[in-house]
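Engineer: Just need the structure, nothing else, for what follows:
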Amino acid sequence: MTRSATQYRHHPLLVLIVLLSLALTACGGGGDVLRSGSGEVVATLTWVPPEENTDNTPLEDLEGYRLYMGDSPNSLQPVIDIPASTTRFEITDDDVFSAIGSTATGRSLTVYFALTAYNSLRIESSLSEIVSKAF
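Structural biologist: This next block holds a predicted model:
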């Protein structure tokens, strides 16, 4: 059964706090060094895909995820769209620098991450749990 845009407006896309859990793991050996331009993987996010809409109906049109990043849990910005078939995403230093900007160079930094899911109508869920990694 196809849902109309009106039905989605009345029922936000997903309950991500329950159905989409993030696990953040650091990659690489030794101390973390954040270098712009190297393309080095600095963190990996993994999650369980949602299966239901907030009205408990089956989720049949998951289109993808949107990764949010920021240097504060209150300043998260959307930076990368991720295909629906993905449940593991490697974040590079380039991704972090494009999200945080040049202010990250030469100082200790904590980066915050969260995901949303969106459907074929591009209706986006609320943010998942926010996780962080210190560099």
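Engineer: Leu115 and Ile130, how far apart?
Structural biologist: Noted for Leu115: a distance of 10 Å to Ile130, by C-beta to C-beta, to the nearest Å. Just so you know, the C-beta spots here come from the backbone N, C-alpha and C atoms, and that holds for glycine as well.
Engineer: Of these two, which one has the most company?
Structural biologist: Higher neighbour count among Leu115 and Ile130: Leu115, with 23 against 16, using other C-beta atoms under 10 Å.
Engineer: That one - that's part of a strand, no?
Structural biologist: Yes. Counting by DSSP: H, G, I helix; E, B strand; the rest coil, Leu115 is located in a strand.
Engineer: So that it lines up with my notes, have the first residue be 38 from now on.
Structural biologist: Understood, numbering begins at 38; the last thing we discussed is Leu152.
Engineer: Excluding sequence neighbours, find me the nearest residue to it.
Structural biologist: Spatially, and ignoring its direct neighbours in sequence, Leu152 is nearest to Ser165 (4.6 Å; C-beta to C-beta, 6 or more residues apart in numbering).
Engineer: any low-confidence regions in this structure?
Structural biologist: Along the chain, the model assigns pLDDT under 70 to residues 38-74, 139-144.
Engineer: cutoff 90 now
Structural biologist: Residues of the chain meeting the criterion pLDDT under 90: 38-98, 108, 116, 124-125, 127-148, 153-172.
Engineer: re the thing from before, wait, the residue nearest to Leu152 sits on Leu104?
Structural biologist: No. Look at Ser165 against Leu104 with C-beta atoms under 8 Å: they stay out of range, at 10.0 Å.
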